[in-house]
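Q: have a look; sequence and predicted model below, questions after that.
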Amino acid sequence: MRRFGDLDVAEESAAEAFAIAVERWPTSGVPPNPGGWLSVTATRKAIDRLRREHQRADKHQQATMLDDDQPPTPPGVIDDDRLRLMFTCCHPALAAEARVALTLRMLGGLTVAEIASAFLVPPTTIEKRITRAKAKIAATNLPFRTPTGTELTDRLTGVLTVLYLVFNEGYVATGAGTEPVRADLTAEAIRLTRLITTLVPGEGEAAGLLALMLLTEARRTARLSAEGELITLVDQDRTLWDADLIAQGHRIVRARLESGAPPGRYQILTAINAVHTDAAHVSETDWAQIVALYDQLLGVDPSPVVALNRAIALAELDGADVALAAIDRLDERLATYRPYRTTRAELLRRLGSTDQAITEYDQAIALDGNTAETAYLQRRRHELAERSDDAGTLR
């Protein structure tokens, strides 16, 4: 597109097309060729704008030049449409949480409820964030262009967060009654993260996130029973884990350790997963190292979910009573978080508090979650209730 007089038709039309995409794509879905869709829409908007503002015949002739035979402008350093759009959506003019929520909704394929679950907030909060982001884009003609140089690195954190949450939703779907795994989301998240590591080869967090995805994905085939029930890490058949993906992930972990650079959030999470995948059997897991890594992670990401996961590891190291005490001190926002209720149920079960454990299972089952998790929780609750009934009969 070209500049006509003092009015930058190209930039304004591209921003307008981007605003239309932000409004439509969350409900209609991302088109197969998003870059082409935006280009065509921007061209049409530019022609309409010129026709409205300049009625003379020569301006009509200039408008047709928008669709000439010249080669298209190179996309810049990012030649993948979806990834380029993610970097565009993570514009610093938008609040950090709003830009992530908008990108997850627009390009990540996640519903408002799924995004809310990831942030531990009500869906109405996410709706407000997205609405505010849309309004700002429409009101300010937010530039739609590929970031370069420092812009690229400045937006990297937001894009990595989006990809991490997309992968998590694919690996452990949170929607009520949904299939337990969305392989399309995990595969796309891995693909785009690989692309980022080629764009910024020295960026430790991008490499760490890729390794984290690979080590997590390696366990996928062992996570579900033939009946479609969740199999927890403790009970998984580790011979079913993907050895090639584990080897790839471990190579990245070793390279990051050799770099000597201080690790960030994703690199520490990857180190935790490396300890898990390094153990041939759950009994060989170095729980002390995992707890120490969670302590380190809390220093850079003091979130209640990290604290919950640390408590789960603590149960293996110091016992269920110590872990339960730690969990009971956690943020009240976790009260409606299914893994929190599930963890409390399992710990109370270990401690012999049957009635309390059954109550926790009931609360966990009542919360939204995928079919595999629900089947697991229902079986565990049923087994515990049966044992309780048998004990009552013997008495």
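A: Received the coordinates, thanks.
Q: quick one, helices of the stretch 151-300 of the chain?
A: All helices of the stretch 151-300 of the chain, identified by DSSP state H, counting those that start in this stretch, fall at 183-199, 204-217, 243-259, 265-278, 287-300.
Q: mind putting these in CSV, mean pLDDT, distance to residue 384 and mean neighbour count included?
A: Glycine gets a C-beta too; all of them are placed from N, C-alpha and C. Output for the helices of the stretch 151-300 of the chain, formatted as CSV (pLDDT from 0 to 100; distance: least, CB to CB, whole Å; neighbours: other CB atoms under 10 Å):
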stretch, mean pLDDT, distance to residue 384, mean neighbour count
helix 183-199, 92, 32, 17
helix 204-217, 96, 29, 25
helix 243-259, 94, 34, 16
helix 265-278, 96, 27, 22
helix 287-300, 97, 25, 17
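Q: so which of those helices comes closest to residue 107?
A: helix 183-199 (9.8 Å; CB to CB).
Q: which other residues reach the closest one?
A: Contact partners of helix 183-199, identified using CB atoms under 8 Å, 6 or more residues apart in numbering, comprise 77-78, 80, 82-83, 86, 108-109, 152, 156, 159-160, 163-164, 166-167, 169-171, 203, 206-207, 209-210, 213-214, 217, 220.
Q: again, only using 7 Å
A: 77-78, 80, 82-83, 109, 163, 166-167, 169-171, 206-207, 209-210, 213, 217 (CB atoms under 7 Å, 6 or more residues apart in numbering).
Q: include distance to residue 148 when you put the helices of the stretch 151-300 of the chain into JSON lines, please.
A: Putting the helices of the stretch 151-300 of the chain into JSON lines (distance: least, CB to CB, whole Å) gives the following:
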{"stretch": "helix 183-199", "distance to residue 148": "11"}
{"stretch": "helix 204-217", "distance to residue 148": "17"}
{"stretch": "helix 243-259", "distance to residue 148": "25"}
{"stretch": "helix 265-278", "distance to residue 148": "24"}
{"stretch": "helix 287-300", "distance to residue 148": "28"}
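Q: so which of those helices gets nearest residue 368?
A: The nearest among the helices of the stretch 151-300 of the chain, by CB to CB, is helix 183-199 at 17.4 Å.
Q: so the closest one versus helix 243-259, what angle?
A: Between helix 183-199 and helix 243-259, the angle comes out at 30 degrees (axes from the mean of the first three to the mean of the last three CA atoms, to 10 degrees).
Q: so what's the nearest residue to residue 185 once chain neighbours are set aside up against?
A: Closest residue to residue 185 apart from its sequence neighbours, by CB to CB, 6 or more residues apart in numbering: residue 170 at 2.8 Å. Taking CB under 7 Å, 6+ apart, we find residue 170 in contact with 181-183, 185-186, 189.
Q: burial count for the nearest residue to residue 365 once chain neighbours are set aside?
A: Leaving aside its sequence neighbours, residue 365 sits nearest to residue 377 (CB to CB, 6+ apart; 5.0 Å). If you count neighbours by other CB atoms under 10 Å, residue 377 ends up with 26.
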